[in-house]
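Chemist: any chance you can model this:
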Amino acid sequence: MATPPAAGKGRPKGATNKNTREIKDMILKALEKSGGVDYLMARANDPKTASAFLTLVGKVLPLQVQGDPENPVGIQVIERVIVKK
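Modeler: Prediction:
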């Protein structure tokens, strides 16, 4: 019995799992039915749910910031120094 030519290759790099894709679609549909942006704004402004909202923001932001080599991203450091008397 011969094995198929694609046997053992798995999914291509970056391909999402079928379940992951379906769950993401369900979450987006639920968000849309809950009020979308207005619902998220209410969660962000509510002290009881603001931390959960910020956790969500951290999940969707890119892990790396890439700038234009011609116009590099500027980084500014603000330092607080406590001076004892």
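Chemist: check which element follows the longest helix that the chain contains along the chain.
Modeler: Looking across the chain with DSSP state H, the single longest helix is helix 18-34. Following helix 18-34 in sequence order, the next helix or strand is helix 37-45 (DSSP states H and E).
Chemist: buried set for that next one?
Modeler: By neighbour count with 16 or more other Cβ atoms under 10 Å, helix 37-45 contains the buried residues 40, 43. C-beta coordinates here come from the backbone N, C-alpha and C atoms, glycine included.
Chemist: check what contacts that helix and list those residues.
Modeler: 31, 35, 49, 50, 52, 53, 54 (Cβ atoms under 8 Å, 6 or more residues apart in numbering).
Chemist: so which of the residues you listed is the closest to residue 78?
Modeler: residue 54 (20.0 Å; Cβ to Cβ).
Chemist: contacting residues for the closest one?
Modeler: Counting by Cβ under 8 Å, 6+ apart, residue 54 makes contact with residue 44.
Chemist: going forward, the N-terminal residue is numbered 15.
Modeler: OK, 15 is where the count begins now, so the last one is residue 68.
Chemist: element containing it, please.
Modeler: Using DSSP H and E, residue 68 falls within helix 64-74.
Chemist: and that helix, what's buried?
Modeler: Counting neighbours by 16+ other Cβ under 10 Å, one finds that the buried residues in helix 64-74 are residue 67.
Chemist: now the angle from that helix to helix 51-59?
Modeler: For helix 64-74 against helix 51-59, the angle by axes from the mean of the first three to the mean of the last three Cα atoms, to 10 degrees is 120 degrees.
Chemist: what mean pLDDT does helix 64-74 get?
Modeler: Mean per-residue pLDDT for helix 64-74: 88.
Chemist: ditto for stretch 90-99
Modeler: Averaging pLDDT along stretch 90-99 gives 86.
Chemist: quick one: distance of that stretch to the chain centre.
Modeler: Here stretch 90-99 is found 32 Å from its chain centre; the criterion is Cα atoms, centre = their mean, to the nearest Å.
Chemist: in it, what counts as buried?
Modeler: For stretch 90-99, the neighbour count (16+ other Cβ under 10 Å) marks no residue as buried.
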